[in-house]
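# Dropping a prediction and its sequence here:
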Amino acid sequence: MRTDELLAAAFDNIEGAVARALDGLTADQLATAPPSGTNTIAWLVWHLTRVQDDHVSEVAGNEQVYTAQGFAPRFGLPFDDAETGYGMDAEDVGKVRADAELLLAYHSAVHEATAAYLATLSDDDLDRVVDEDWDPPVTLGVRLVSVVTDDLQHAGQAAYVRGLLSV
């Protein structure tokens with residue numbers, strides 16, 4: 001297995017986890033937080049997808065899917081289009097309301113863009129430094145693994161919240 005295929009398989013796992021977490025839920029269920037003030041499924045999926053879109057589009061040199069494919073106005077959220085959800089408080093988390101169809105459509109579009117980018121990479125590409133602000137500087141390989149890790153954690157949290165809803 002080549003490195004790009006390995007990364008593609010990891011991102012495929014995120015897409016499957018997102019689809020399972022959203023399957024059959026209403027917009028009200030997606031906006032329900034387990035105890036008050038915690039993250040909702042809608043926010044978790046929107047956030048993990050925004051982070052993937054932001055980070056992968058940056059290293060690929062592409063416009064984010066969120067704006068390029070018109071998802072920002074479809075979500076109609078009261079945030080700047082560059083917002084990814086990092087550091088949001090409970091009030092902002094509660095503002096992320098969307099149905100499963102929109103969340104899944106956005107995630108699928110980001111997944112497709114990610115897969116297309118990964119297919120262009122060679123093993124040598126993964127050593128390219130993409131962020132000099134860290135010590136040691138962050139390589140493309142480390143950045144992609146970081147996105148996979150973060151996204152899988154949030155997808156798991158969404159699945160956990162789904163289980164609490166007793167669907």
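Right, received. Where do you want to start?
# helices or strands next to the worst-scoring helix or strand of the chain on mean pLDDT in the packing?
Across the helices and strands of the chain, mean pLDDT, DSSP states H and E gives its lowest value to helix 3-22, namely a mean of 84. Identification of packing neighbours for helix 3-22 by 3 or more Cβ pairs under 8 Å, 6 or more residues apart in numbering; DSSP states H and E yields helix 41-60, helix 100-118, helix 140-164. Yep, even glycine has a C-beta here, placed from its N, CA and C like the rest.
# contacts for that helix?
Residues outside helix 3-22 that contact it (Cβ atoms under 8 Å, 6 or more residues apart in numbering): 1, 30, 41, 44-45, 48-49, 52, 100, 103-104, 107-108, 111, 114-115, 118-123, 126, 141, 144-145, 148, 151-152, 155-156, 158-159, 161-162.
# Pull out the buried residues from the residues you listed.
Neighbour-count burial (16 or more other Cβ atoms under 10 Å) applied to these gives 30, 41, 44-45, 48-49, 52, 100, 103-104, 107, 111, 114-115, 118, 121, 126, 141, 144, 148, 151-152, 155, 158-159, 161-162.
# on that earlier part again, mean pLDDT and distance to Ala17 added to the helices and strands packed on helix 3-22, as JSON lines?
Below are the helices and strands packed on helix 3-22 laid out as JSON lines (pLDDT from 0 to 100; distance: least, Cβ to Cβ, whole Å):
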{"stretch": "helix 41-60", "mean pLDDT": "97", "distance to Ala17": "9"}
{"stretch": "helix 100-118", "mean pLDDT": "97", "distance to Ala17": "10"}
{"stretch": "helix 140-164", "mean pLDDT": "90", "distance to Ala17": "4"}
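# want to try CSV for those helices, with distance to Glu91 as columns?
What follows is those, written out as CSV (distance: least, Cβ to Cβ, whole Å):
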stretch, distance to Glu91
helix 41-60, 11
helix 100-118, 20
helix 140-164, 18
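# Much appreciated, bye for now.
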